[in-house]
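Engineer: Give the three-dimensional model of this entry:
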Amino acid sequence: MPTLQGKDGMALRRPSRRMLAIIGIVLVAVVGGAIGVSVVFAPPTPASTVQAYFHHLAEGDTAAAFKLVAHDAGDDLTGSPLLVPKAVADARTRPSHARILRTESRTASTGQEIDVVQVSYKLGHETVTQSIMVTRASGGGSTYLLQSPFLVIGLQSVAGRPVTINGIDVGSDDSDELYAFPGVYTATARGGALIDGSTRSGVIDSGEVTGQPIITFDFAAPTLAPGADAAVQTKVKEHIDVCARSTEDSPDNCPFSVYIFGSELSVKWSITTYPTVAVTPGYDPSSGQHVDFSSQTDGVAHYVATYSDYDGKKQTETGDRSFSVQGSAAASSNDITVNFGW
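Structural biologist: Residues are numbered from 1 along each chain as shown. Prediction:
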């Protein structure tokens, strides 16, 4: 093996290739370790905090993501039904490919220094751009927190139907202020015996004005459930039959009556023809989901009235009364009830 000559004349052995390789590995390990330490302990920045938030969401760790939200925003949002792990439990609903576009420093009207971080990410196949305001945590230091880094979800034309979003109950009213983690959402308005159900995918707007992307679920005008017409017609008929069992000349909450002057009056009613009704979806915020109905064709009620006239003589009067109906019907979990109104 070739040798080298030292200063004292001693022969020095040339390092073998194996030794050089070992020295190289040690040097790389030391340099690599130094680089690793510098990355791990690098102080957070507004951009890295936003990046960490989307990393946690991509992993489904909503608790870690929520810890990066400013307390003054988070305290008011902890009760929001969609800020829970179930909302993005399916990996396909989570944001992906988050990329910081730019960071801009600003001074708020209060004099506070803030940063606005613009980030783009994928929701399914759609690219969303969002601007997130970042502030230093209270007490100073190097920790940053995000101000409301959420989506805003709006619901339209709910018409009293219970709505679930990604399987989570969110009520039965129109809304424009449901907050949610960035994600892919599907909303279902659950139907019933009278009003049909509907499922919608949201239309997303990146929110150029507010900086918060907005997803709107518009269920459009509600439609009748299959068989609703026949069900309401049956209930109207049953109500009329109850009216016909009355012996009054003007039964309460009934569509027909007759006025006879006399005493000891008793009326026997029978239905010659039942009305047919047209049914349309309706919604009253005070009573929730229901349908309205009105006569398409009139009904006819026959009566036989017995009474005493002013001389005390027994009299009998017969006749027919044409009548129409209108009102509303509501469905519960067990039955359909109708209310007549004129």
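
Engineer: so which helix or strand takes in Arg102?
Structural biologist: Element membership for Arg102 (DSSP states H and E) is strand 96-107.

Engineer: now the helix or strand following that strand: how far from the chain's centre is it?
Structural biologist: Using DSSP H and E, the helix or strand that follows strand 96-107 towards the C-terminus is strand 113-123. Its chain's average C-alpha position is 25 Å from that of strand 113-123, according to C-alpha atoms, centre = their mean, to the nearest Å.

Engineer: was I right about Thr45 contacting Thr143?
Structural biologist: No. Between Thr45 and Thr143 there is no contact under C-beta atoms under 8 Å: 11.0 Å. Glycine gets a C-beta too; all of them are placed from N, C-alpha and C.

Engineer: and the two? which has more neighbours close in?
Structural biologist: Thr45 (16 against 13; other C-beta atoms under 10 Å).

Engineer: Double-check that His56 belongs to a strand.
Structural biologist: No. Going by DSSP: H, G, I helix; E, B strand; the rest coil, the assignment for His56 is helix, not a strand.

Engineer: Let me see the backbone angles for Val236.
Structural biologist: phi -60, psi -40 (degrees, to the nearest 10).

Engineer: Can you name the residues that contact it?
Structural biologist: Val236 makes contact with Tyr274, Pro275, Val277, Phe293, Val325, Val338, according to C-beta atoms under 8 Å, 6 or more residues apart in numbering.

Engineer: Next one, pLDDT for the fifth one please.
Structural biologist: Okay, so that is Val325. Looking at Val325, its pLDDT reads 97.

Engineer: and it, what does it touch?
Structural biologist: Val236, Ile240, Pro255, Pro275, Val277, Phe293, Ser294, Ser295, Gly299, Phe340.

Engineer: ok, the fifth one to Phe340 distance?
Structural biologist: Okay, so that is Val277. As for Val277, its distance to Phe340 is 11 Å (criterion: C-beta to C-beta, to the nearest Å).

Engineer: Please, which helix or strand holds Ala231?
Structural biologist: Judged by DSSP H and E, Ala231 forms part of helix 228-244.

Engineer: Tell me the first helix or strand C-terminal of that helix.
Structural biologist: strand 263-273.

Engineer: quick one: strands adjacent to that following strand?
Structural biologist: Under the criterion DSSP bridges, strand 263-273 sits next to strand 299-308 (antiparallel) in its sheet.

Engineer: how far does the helix or strand just after the partner strand sit from the chain's center?
Structural biologist: Where DSSP H and E defines the elements, the next helix or strand beyond strand 299-308 is strand 314-323. Centroid separation for strand 314-323 versus its chain: 56 Å, with C-alpha atoms, centre = their mean.

Engineer: can you start the count at 520 instead of 1 from here on
Structural biologist: I'll keep to 520 as the first residue from here, and by that count the last item is strand 833-842.
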